[in-house]
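K.L.:
Fold the following, please.
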Amino acid sequence: MLEDADAALPFSANMAVMLTGQGCALPTRLLVHESRYDEAVERMGALFAEMRVGDPTDPSVDVGPVISAEQSGLWH
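P.N.:
Presented below is the predicted three-dimensional model:
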């Protein structure tokens, strides 16, 4: 995680769930220095916890439908 992580982490989280995570070119990996790994995991977890799963036509929803309730529970 570099100094620009404040911008990179939210961008990465949003891109990872774009199209309900079904896109072929979505960034799903981050390179993080081992000294900042725990911080990056915590921050990404907080970002995903705030995302709303639901109807993709609803502007307040971040993530469209996923295959099961168990999968959507990853963000709640």
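
K.L.:
Pick out the residue nearest the middle of the protein.
P.N.:
Among the residues of the chain, the one closest to the centroid is Ala13, at 2.9 Å (C-alpha atoms, centre = their mean).

K.L.:
Name the nearest residue to it, sequence neighbours excluded.
P.N.:
Among residues not flanking Ala13 along the chain, Leu47 sits closest, at 4.1 Å (C-beta to C-beta, 6 or more residues apart in numbering). C-beta: built from backbone N, CA, C; applies to glycine.

K.L.:
any weak-confidence spans in the chain?
P.N.:
1-5, 20-22, 68-76 (pLDDT under 70).

K.L.:
For it, which segments are assigned as helices?
P.N.:
5-17, 37-50, 69-72 (DSSP state H).

K.L.:
Redo the ones you listed as JSON lines? Include distance to Pro56.
P.N.:
Listed next are the helices of the chain as JSON lines, based on distance: least, C-beta to C-beta, whole Å:
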{"stretch": "helix 5-17", "distance to Pro56": "11"}
{"stretch": "helix 37-50", "distance to Pro56": "17"}
{"stretch": "helix 69-72", "distance to Pro56": "13"}
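
K.L.:
Would you check that the residue nearest to Ala13 makes contact with Phe11?
P.N.:
No - judged on C-beta atoms under 8 Å, Leu47 makes no contact with Phe11 at a distance of 10.0 Å.
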